[in-house]
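Colleague: here is a sequence together with a model predicted from it:
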Amino acid sequence: MLPDDTEIARLYAYPATDRPWVRSNFVTTLDGAAHAADGRSGSLGGDVDTHVFGILRSLADVVVVGAGTARAEGYGPADVPIAVVSRRLDIPERLVVPGQLVITTADAPAVELARLRDVDVIALGTGTIDWPAVLAELGRRGLDKVLCEGGPSLHGDLVDLDLVDELCLTIAPVLSSGDAPRIAHGPTAVDRPMTRGHVLDVDGVLLTRWLRDRA
């Protein structure tokens, strides 16, 4: 049975820190697929995952998501600020609105920057996004509770840089096979020890929280 919303919020409360805290939130199948057969992650975890997804968003100051994931999952403006990540600035049209946050590099395409003249652009790093600098900038804006919703390449970058403080992972009781990506991938394999925060079993759907072990 899923706890009530007050208890869920307590279980997933952000810790008090003096820096931005990066939480990632993903759902996978039992065999590690990051999306369902329809190519979307939102259809994997059912109502349970969708409910917790909403609460995790309500606890965050900003949601960070790759442009590809935003497009595939149909992202639009939300109650919590959405920061769309793209080096090429291929931002979905529904998110090209005044005040929309976009994270890119300092050498992003000038033509696309002009298209986004009403958008709030954080452009840091050359060739690749300077994520420590981006997080510092989010902190200066008071956006300390960061929620990363993917996709796997963005998540892989953050894991590679050891910037993920915790992972909230829903495991759906499904085997899928196929060639779906994992929740994080990149060119370099790393080892980032994690400590279990909690595991909730709700009708076979496992809601887990894992904290980065920095001891």
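Modeller: Perfect, thanks for sending it.
Colleague: hey, which helix or strand in the chain has the poorest pLDDT?
Modeller: helix 110-115 (a mean of 88; mean pLDDT, DSSP states H and E).
Colleague: for E166, grab phi and psi.
Modeller: The phi/psi pair for E166 (degrees, to the nearest 10) reads phi -160, psi 160.
Colleague: would you confirm that it contacts T17?
Modeller: No: using Cβ atoms under 8 Å, E166 and T17 do not qualify as a contacting pair, with a distance of 11.4 Å. No exception for glycine: its C-beta is placed from N, CA and C like everyone else's.
Colleague: those two: who's more crowded?
Modeller: Under the criterion of other Cβ atoms under 10 Å, the comparison of E166 against T17 puts E166 first, with 20 against 11.
Colleague: average pLDDT for the longest helix seen in the chain, rounded please.
Modeller: Longest helix of the chain, by residue count under DSSP state H: helix 46-59. For helix 46-59, mean pLDDT rounds to 95.
Colleague: now that helix - C-alpha only, CSV.
Modeller: Extracted as CSV, the C-alpha positions of helix 46-59 are listed here (Å, rounded to 0.1, in the frame of the first residue of the first chain):
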residue,chain,number,x,y,z
GLY,A,46,1.8,2.9,-13.7
ASP,A,47,-0.3,5.1,-11.4
VAL,A,48,2.0,4.4,-8.4
ASP,A,49,5.1,5.8,-10.2
THR,A,50,3.1,8.7,-11.7
HIS,A,51,1.9,9.7,-8.2
VAL,A,52,5.3,9.7,-6.6
PHE,A,53,6.7,11.5,-9.7
GLY,A,54,4.4,14.4,-9.0
ILE,A,55,5.3,14.6,-5.4
LEU,A,56,9.1,14.5,-6.2
ARG,A,57,8.5,17.4,-8.6
SER,A,58,6.6,19.4,-5.9
LEU,A,59,9.6,19.0,-3.6
